[in-house]
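> this one's structure only:
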């Protein structure tokens with residue numbers, strides 16, 4: 001072998017290794033490009049879902065707030081009606097006591113009349 005062949009062989013080996021490294025870097029670059037593409041696609045899907053769910057959550061929040069308002073209105077109306085019913089019960093109670101008092105007075109007067117009367121008692 002000549003000295004030129006010996007020099008050429010290591011250069012060829014280095015060249016082969018550089019080509020191998022270049023091929024692997026190209027493969028890594030391709031895979032990285034694919035990963036970036038997939039990541040971009042995922043980000044787009046996430047953004048789309050966020051836009052979709054944002055309107056759903058906004059609608060749900062609006063419905064919750066509307067329900068709370070309706071509940072407050074119902075509570076206020078119910079409290080007003082309960083007060084009216086309570087006042088009516090108080091009036092009925094008062095009327096009942098007045099009627100019982102009047103009834104007792106009439107009974108007492110009747111008893112007094114019967115006690116003072118020489119005629120037969122009515123039972």
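Everything's here; your move. Here the structure is a predicted model, which is why all the values come from computation and not from measurement.

> if I look at residue 76, how far off is residue 98?
33 Å (C-beta to C-beta, to the nearest Å). The way it works is simple: take the backbone N, C-alpha and C, and place the C-beta from them, glycine included.

> Report the secondary structure element holding the residue sitting nearest the centre point of the chain.
What sits nearest the mean C-alpha location of the chain, by C-alpha atoms, centre = their mean, is residue 64, with 6.3 Å. Using DSSP states H and E, residue 64 sits in helix 3-116.

> tell me the average confidence for that helix?
Here helix 3-116 scores 93 as its mean pLDDT.

> From the chain's centroid, how far away is that helix?
3 Å (C-alpha atoms, centre = their mean, to the nearest Å).

> Same check on stretch 111-118?
76 Å.

> Relative to residue 110, how far out is residue 51?
87 Å.

> So for the two, which residue has more residues nearby?
residue 110 (12 against 9; other C-beta atoms under 10 Å).

> Would you enumerate the residues in contact with the more buried one?
Residues in contact with residue 110 (C-beta atoms under 8 Å, 6 or more residues apart in numbering): none are found.

> So it versus residue 117, what's the distance?
For residue 110 relative to residue 117 (C-beta to C-beta), the value is 10 Å.

> next one: residue 64
Going from residue 64 to residue 117 by C-beta to C-beta gives 77 Å.

> and if you look at residue 81?
Residue 81 is 52 Å from residue 117, by C-beta to C-beta.

> Can you tell me the number of residues neighbouring residue 8?
Applying the criterion other C-beta under 10 Å, we find 13 residues in the vicinity of residue 8.

> repeat for residue 114
Residue 114: 13 neighbours (other C-beta under 10 Å).

> before we move on, what about residue 93?
For residue 93, the count of nearby residues is 10 (other C-beta under 10 Å).

> what does residue 50 give?
Using other C-beta under 10 Å, residue 50 has 10 neighbouring residues.

> contacting residues for it?
Listed by C-beta under 8 Å, 6+ apart, the contact set of residue 50 is empty.

> and if you look at residue 99?
Contacts of residue 99 (C-beta under 8 Å, 6+ apart): none.

> Quick check: the gap between it and residue 92.
For residue 99, the distance to residue 92 - C-beta to C-beta - is 10 Å.
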